[in-house]
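Participant: quick one, what's the 3D model for this:
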Amino acid sequence: MSSVLNVERLSVSYAGRGATHAAVNDVSLRIAPGEALGLVGESGSGKSSVALAVLRYLPTNARVEASRLAFEDRELRDLSAGDLRKLRGDRIAAVYQHPGSALNPSMTIGAQISETILRHRPMHRDDAFQRAAHLLGRVRVADPERVLRLYPHELSGGMQQRANIAIAIALDPSLLVMDEPTTALDASVQSEIIAILDDLRREHRTSILLISHDINLIRRSCDRVAVMQAGSVVESGAAAAVFEEPRHAYTRALVAAIPTLHRTKRDGRLAEDAGIDDAPADALPTVSDRAGARRDIALACHGVRQSFGGQPVLHGIDLEIVAGETFGLIGESGSGKSTLARIVTGLQPPTGGSVELFGRPVAARVEKRRPDERRDVQMVFQSPDRTLNPRQRIGRILGRPLRRLAGLSRRAVAPRVGDLLASVRLPRATAERKPMTLSGGQRQRAAIARAFAGLPRLVVLDEPTSALDVSVQATVLNLLNDLQRRQDTAYLFISHDLRVVRYMADRIGVLYRGRLVETGSSDQIFAGPNHPYTRMLLEAASNEAAATPQAPAATAPAANPTGCTFAGRCPLAGAECLEAEPPSREVAPGHLIACWKEGGSGRLTKSPPPGG
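Facilitator: Here you go, the predicted structure:
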């Protein structure tokens, strides 16, 4: 058998109302045993349609044409429904983007893994349960016996995805199809997933079809890559060669749009699609570049604490953001980033501490804040669907904050809506459209326009680009910088993508289990010295292939209640780390590290934030 998967001249089209939409045009792919092929391209390029055609999960209105669509030399189109059921989960398995939606919330993880085994193998239930524990160990879950008894909602996103991979590999399939498996995962968990895939290929000769818009993920985990644009493969070859020396203009544009760990907004704008970007590629100023030695403090958090059901989530957070500054907040899933964002915006009251906006204490709940305080702080979520009412037209969605926050008359709203849409580079005619008729990138730009409708002075951005293609991401990041430059807006920018944070942020805070373990300028954080946890995140985000990553937070030992919260995972931990929580020390002007080992000779700050 020369190939596990052989796709020749595949075309997929979808019948609609009186018209047919071509999604895939004449695509040919081959995957050898133990090989990983990456399929990369923007939304709508046809990547997922290729995967669904291979899995034979296409809807009834889809039409498939191909010279050959074979798995292990068997023509997939000739298989009966029963044969397909036997094949799926046994010889072919799939892992999807959203791990929570792929798991049954009413069944324990052990029951779900065992169900897959028992459906395809004659085995006693107890033996299947032992096999499930072994599978969780293969995907690097510590204490698998405990995790088997948990329900999906009791696991982090990274742990849920590991459980999905355990289900997918339960019967040692020959082909694993993965559609955006790490989009919502932080750098360390993503690095773990890459290492798991490497283990599968090396030990079990599993072939992988990895679909993603994350070029860095494809570069680190695949042997070959095929780049898709508008339903066609425009370039293919060895992953390293394609991304280091791209030949097709579309591939070059994708690579140029990716932030790197060494690029900041001072180095100029990110490359965008030529049809969207008409702004000059000049370098953007940072807070330190702007005139005036003293700038107003936009946000000040004093000892902010939060607990849920008696479980501490935030431990005395102290931070300040000045006007016109972008403060990046990084950390793993469950570190408390989004909780802090909700507290700042008044969507959730803290259990302790206070929040000041522009020098004035504000009420914990947004309902009790003054109209000008509600106008001054706005939020952009990861998914624009949480912001945009699907039943309303964009013009009405933008008009409401213009009337309620900006105080405009009905007559003045319409021209202002057009100006807002133009500011986010959307046609004025977009006002007449509903969110569902827009692409993901267009919806996110409309959400940003809605956030800026009342001329806010502080915008909280919670993973605003994590689900976007690289070129659309570049458009959104450039847009945010343009708006900040014009309006001197302060940003609290939350992201698990360290490349995006490096490009956007003036200063960065590193959050671990509800504690700020390091803060400093973007240059200081990426140049070091670093807290051991920060160093782990930076290593996980590097372009080098994952070797032996640190144990993920989801499976790490419980935090020491008296000592450093990171001690259970830290390679530098000593006796003092288990006895007392380390203070925050200034290792350079404005660069604070809370660690007994790093920065031990630095100056102790007067009001140290608790650290790990």
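
Participant: average pLDDT for stretch 406-415, rounded please.
Facilitator: Mean per-residue pLDDT for stretch 406-415: 89.

Participant: what does that stretch contact?
Facilitator: For stretch 406-415, the surrounding residues in contact (Cβ atoms under 8 Å, 6 or more residues apart in numbering) are 375, 395, 399, 402-403, 416, 431, 453-455. Placement of C-beta: from N, CA and C, glycine included.

Participant: between all of these, which two are at the greatest distance?
Facilitator: R375 and A431 (21.6 Å; Cβ to Cβ).

Participant: next one: the nearest residue to R374 once chain neighbours are set aside, what pLDDT does it get?
Facilitator: Spatially, and ignoring its direct neighbours in sequence, R374 is nearest to V366 (6.1 Å; Cβ to Cβ, 6 or more residues apart in numbering). At V366, the predicted lDDT confidence score is 94.

Participant: residues near V366, how many?
Facilitator: Residues contacting V366 under the criterion other Cβ atoms under 10 Å number 16.

Participant: tell me the contacts of it?
Facilitator: 345-347, 374.

Participant: for P105, same thing?
Facilitator: Residues in contact with P105 (Cβ under 8 Å, 6+ apart) are 151-153.

Participant: pLDDT and secondary structure for these - can I get that in a markdown table?
Facilitator: Supplementary listing: those in a markdown table, determined by pLDDT from 0 to 100; DSSP: H, G, I helix; E, B strand; the rest coil:
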| residue | pLDDT | secondary structure |
| --- | --- | --- |
| Y151 | 93 | coil |
| P152 | 90 | helix |
| H153 | 86 | helix |
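
Participant: just the buried residues from the contacts of stretch 406-415, in ChimeraX please.
Facilitator: Here is the ChimeraX command that selects the buried residues among these (16 or more other Cβ atoms under 10 Å):
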select :375,395,399,402,403,416,431,453,454
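
Participant: all strands of the stretch 251-400 of the chain, in order?
Facilitator: Along the stretch 251-400 of the chain, the segments classed as strands by DSSP state E, counting those that start in this stretch run 297-308, 311-322, 326-330, 352-357, 360-361, 377-380.

Participant: what's the second one in contact with?
Facilitator: In this case it means strand 311-322. With Cβ under 8 Å, 6+ apart as the criterion, strand 311-322 contacts 287, 295-307, 327, 336, 339-340, 343, 350, 352-353, 458, 490-492, 507, 509, 513-516, 519, 607, 609-610.

Participant: from the contacts of stretch 406-415, which ones fall inside helices?
Facilitator: With helices taken from DSSP state H, the overlap with the contacts of stretch 406-415 comprises 375, 395, 399, 402-403, 416.

Participant: helices or strands next to the helix or strand where I211 lies in the packing?
Facilitator: Element membership for I211 (DSSP states H and E) is strand 207-212. Strand 207-212 sits against strand 20-31, strand 36-40, helix 47-55, strand 175-179, helix 187-204, helix 215-221, with contacts defined as 3 or more Cβ pairs under 8 Å, 6 or more residues apart in numbering; DSSP states H and E.

Participant: rewinding a little: out of the ones in helices among the contacts of stretch 406-415, which is nearest to A567?
Facilitator: In terms of Cβ to Cβ, no member of the ones in helices among the contacts of stretch 406-415 lies closer to A567 than R375, at 44.0 Å.

Participant: now do the contacts for E373.
Facilitator: Residues in contact with E373, defined by Cβ under 8 Å, 6+ apart, are 357, 360, 362-363.

Participant: how much space between it and L405?
Facilitator: Using Cβ to Cβ, to the nearest Å, E373 is found at 11 Å from L405.

Participant: now swap in Q442 and tell me
Facilitator: Between Q442 and L405 the distance is 23 Å, computed by Cβ to Cβ.

Participant: more neighbours, the two?
Facilitator: Legend: neighbour count by other Cβ under 10 Å for Q442 and L405, higher for Q442 (22 against 18).

Participant: ok so, going back, okay, the strands of the stretch 251-400 of the chain in CSV with distance to A170 next?
Facilitator: Formatted as CSV, the entries for those read as follows, by distance: least, Cβ to Cβ, whole Å:
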stretch, distance to A170
strand 297-308, 33
strand 311-322, 32
strand 326-330, 34
strand 352-357, 45
strand 360-361, 54
strand 377-380, 39
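
Participant: what's the most buried one of those?
Facilitator: Taking mean count of other Cβ atoms under 10 Å as the contact definition, the stretch among those with the greatest mean neighbour count is strand 326-330, which reaches a mean of 26.

Participant: which one, of the helices and strands packed on strand 207-212, ends up nearest to T260?
Facilitator: Comparing the helices and strands packed on strand 207-212 against T260 with Cβ to Cβ, the closest turns out to be helix 215-221 (9.2 Å).

Participant: hmm, back to that, closest one of the contacts of stretch 406-415 to A241?
Facilitator: The shortest approach to A241 among the contacts of stretch 406-415 belongs to A431, at 45.5 Å (Cβ to Cβ).

Participant: so what's that closest one closest to, chain neighbours aside?
Facilitator: Taking Cβ to Cβ, 6+ apart, and ignoring the residues beside it in sequence, A431 has G395 as its nearest neighbour in space, at 3.3 Å.

Participant: how about A70?
Facilitator: With Cβ to Cβ, 6+ apart as the criterion, A70 has its nearest non-adjacent residue at 4.5 Å, and that residue is N6.

Participant: for the one you found, helix, strand, or coil?
Facilitator: Using DSSP: H, G, I helix; E, B strand; the rest coil, the structure places N6 in strand.

Participant: any idea what it is bridged to?
Facilitator: Taking DSSP bridges, one obtains R30, A70 as the residues bridged to N6.

Participant: now it: how far from A66?
Facilitator: In this view, N6 and A66 are 10 Å apart by Cβ to Cβ.

Participant: one step back: and which of the contacts of stretch 406-415 is nearest V54?
Facilitator: A431 (40.8 Å).

Participant: check the closest one and give its pLDDT.
Facilitator: A431 is assigned a pLDDT of 94 by the prediction.

Participant: that one contacts L402, correct?
Facilitator: No - counting by Cβ atoms under 8 Å, no contact exists between A431 and L402, whose distance comes to 11.8 Å.

Participant: what residues do these two have in common as contacts?
Facilitator: Among the neighbours of A431, those also in contact with L402 (Cβ under 8 Å, 6+ apart) are V417.

Participant: hmm, back to that, got the helices and strands packed on strand 207-212 as TSV, with mean neighbour count columns?
Facilitator: TSV is the format used below for the helices and strands packed on strand 207-212 (neighbours: other Cβ atoms under 10 Å):
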stretch	mean neighbour count
strand 20-31	18
strand 36-40	26
helix 47-55	23
strand 175-179	23
helix 187-204	21
helix 215-221	22
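
Participant: by contact count, what packs against whichever strand or helix holds A449?
Facilitator: When secondary structure is defined by DSSP H and E, A449 falls within helix 440-451. Using 3+ Cβ pairs under 8 Å, 6+ apart as the contact criterion, the secondary-structure elements in contact with helix 440-451 are strand 377-380, helix 394-404, helix 410-423, helix 470-487.

Participant: of those, flag the one that's most buried.
Facilitator: Comparing the helices and strands packed on helix 440-451 by mean neighbour count (mean count of other Cβ under 10 Å), strand 377-380 ranks first with a mean of 24.

Participant: that one pairs with which strands, parallel or anti?
Facilitator: Next to strand 377-380 in the sheet, as set by DSSP bridges, lie strand 458-462 (parallel).

Participant: could you chop the protein up by domain?
Facilitator: The record, using automatic domain parsing to delimit domains, assigns the chain the ranges 5-256, 295-486, 506-612.

Participant: could you tell me the least trusted of those?
Facilitator: The weakest mean pLDDT among the domains of the chain belongs to domain 506-612, with a mean of 78.

Participant: tabulate the contacts of V366 (JSON lines), appending distance to I117 and neighbour count.
Facilitator: Putting the contacts of V366 into JSON lines (distance: Cβ to Cβ, whole Å; neighbours: other Cβ atoms under 10 Å) gives the following:
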{"residue": "T345", "distance to I117": "45", "neighbour count": "20"}
{"residue": "G346", "distance to I117": "48", "neighbour count": "21"}
{"residue": "L347", "distance to I117": "43", "neighbour count": "13"}
{"residue": "R374", "distance to I117": "53", "neighbour count": "20"}
